[in-house]
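Q: Only the shape, not the letters, is given here:
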């Protein structure tokens, strides 16, 4: 099996390299462990390197702004291994961090590791390798 070399976050036609990401869905269960409700979720947490000038802060502060995009995981040859597409995502959490001496290097700053943004997205639709979940928002 090929290993993932790189993951890209694509929104508004702009690609950004991903440092880390996760996504989750859940479903309530009853007292004996059986499903007892609809699947909920489509929440994505993604941490991106930033150069200090670009920002996704505007997405966070515009409470009605929805964006669609995807996360592409590729191998060493640039072949796409997996795509996670999302539609109508609100940015419901935002953190920007900077650390001068990240990565254990004194004197040199690795900008990818030292300046980063973490976004939490709540998506109406999430498509993981062709399997689609859609939240029924009113």
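A: Sure thing, it's come through. The structure displayed is predicted, hence computed values, not measured ones. Numbers count the residues shown, from 1 in each chain.

Q: In this structure, spot the strand with the most residues.
A: Determined from DSSP state E, the single longest strand within the chain is strand 80-98.

Q: Name the strands paired with it and say parallel or antiparallel.
A: Counting by DSSP bridges, the strands paired with strand 80-98 are strand 67-74 (antiparallel), strand 115-128 (antiparallel).

Q: To residue 90, which of those lies closest?
A: Closest to residue 90 of these, according to C-beta to C-beta: strand 115-128, at 5.0 Å. All C-beta spots, glycine's among them, are computed from the backbone N, C-alpha and C.

Q: what's the spacing between that closest one and its chain's center?
A: 4 Å (C-alpha atoms, centre = their mean, to the nearest Å).

Q: Same check on stretch 73-82?
A: The chain centroid and the centroid of stretch 73-82 are separated by 17 Å under C-alpha atoms, centre = their mean.

Q: quick one: buried residues of it?
A: 73, 74, 81 (16 or more other C-beta atoms under 10 Å).

Q: And for that stretch, what's in contact with it?
A: Applying C-beta atoms under 8 Å, 6 or more residues apart in numbering, the contact partners of stretch 73-82 are 2, 3, 4, 5, 6, 7, 8, 72, 83, 128, 129.
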